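Visitor: return a 3D structure for these sequence lines:
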Amino acid sequence: MKNIEVRTQLGGKFSREDDGIFVLKKQLKSLGVAVTFPEGDNIIGDHNGIPVTFNPNEKDFYQVELEYLASIRDSSLHIVYNNKPDVSGYIGESASLEMLYAIAHNKPIIIMYSPIVLSNTVWDEVREPISRNQNEFFQIRFDLLTPEEVLSIIDRAAQSTPKYKLTSEESEKVFPLILKLMRQYRNR
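Guide: Here you go, the predicted model:
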C-alpha cells in the first residue's frame, strides 16, 4: 500500500502521571505523520484546573479548542489516546465530544485501547452515538507494532470511509454540546 500524506490530531486525557499522548505524538511525527494537536510536547500549565500544552496567559483556551475542532474536520483521521493511569480505554467528556465531532464529519477514528470506557460524566446524547458506532473505529496498540505496521494501519484507516450511523438530529446537536462543555469549563 502506498503511503499517503496523513494529517491528524491526538485526543485523550492529558495527565501529569502519564505522558503517553506525547510519546505517541513524537512516534507519529517521526514516521512522517503531521500531528497538529496537542499543540505542545508536554503539559506546561493549567486552565481552570485543566492541564494544557499552551500558555493560557498567551492564548485563549476557547480559540485553541476551536482550532482543534477545525483540525478534526480538515484532517485525514482522528486518533484517540484513550488511556488514564488507572483505566485503560478511558474516554472523558472532551474526548468523547471530539470523537462525536469526528463521527459527524465522517472521519475515521483510531483508538489505542479497547474496550472503550466512557467516563460517567459523558452525557447520554454523546454516549449513545459513540457506543453505537464503536465497531467502525480502528483499534491500534501503537506501542506493540513496528513502524511499518503502524504506517500501514494508519494509511488504511486514512483511506477508509466509515459507515457511521448518526441521525441528522444527533449531527445538529454536536456543536451546541461542545459549546455547553466549553461554558462549563469557563465556570469551573
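
Visitor: can I get the biggest helix by length in the chain in PDB? Just the C-alpha atoms.
Guide: Counting by DSSP state H, the longest helix found in the chain is helix 168-187. The C-alpha coordinates for helix 168-187 follow below in PDB (Å, rounded to 0.1, in the frame of the first residue of the first chain):
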ATOM      1  CA  SER A 168     -29.500  14.400  11.400                       C
ATOM      2  CA  GLU A 169     -30.800  15.400  14.900                       C
ATOM      3  CA  GLU A 170     -27.700  14.000  16.500                       C
ATOM      4  CA  SER A 171     -25.400  15.700  14.000                       C
ATOM      5  CA  GLU A 172     -27.100  19.100  14.700                       C
ATOM      6  CA  LYS A 173     -26.600  18.700  18.400                       C
ATOM      7  CA  VAL A 174     -22.800  18.200  18.200                       C
ATOM      8  CA  PHE A 175     -21.600  21.800  18.200                       C
ATOM      9  CA  PRO A 176     -24.100  23.000  20.800                       C
ATOM     10  CA  LEU A 177     -22.900  20.200  23.100                       C
ATOM     11  CA  ILE A 178     -19.300  21.300  22.600                       C
ATOM     12  CA  LEU A 179     -20.300  24.900  23.400                       C
ATOM     13  CA  LYS A 180     -22.100  23.600  26.500                       C
ATOM     14  CA  LEU A 181     -18.900  21.800  27.700                       C
ATOM     15  CA  MET A 182     -16.800  24.900  27.000                       C
ATOM     16  CA  ARG A 183     -19.200  27.000  29.100                       C
ATOM     17  CA  GLN A 184     -18.800  24.500  31.900                       C
ATOM     18  CA  TYR A 185     -15.000  24.800  31.700                       C
ATOM     19  CA  ARG A 186     -15.300  28.600  31.900                       C
ATOM     20  CA  ASN A 187     -17.400  28.300  35.100                       C
END
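
Visitor: what is the neighbour count of residue 125?
Guide: Look at residue 125: counted by other CB atoms under 10 Å, it has 14 neighbours. The C-beta positions use only the backbone N, C-alpha and C, and glycine is treated the same way.

Visitor: give me the helices and strands touching the host helix or strand of it, please.
Guide: Using DSSP states H and E, the element containing residue 125 is helix 124-133. For helix 124-133, the elements it packs on are helix 93-104, strand 117-118, helix 168-187, judged by 3 or more CB pairs under 8 Å, 6 or more residues apart in numbering; DSSP states H and E.
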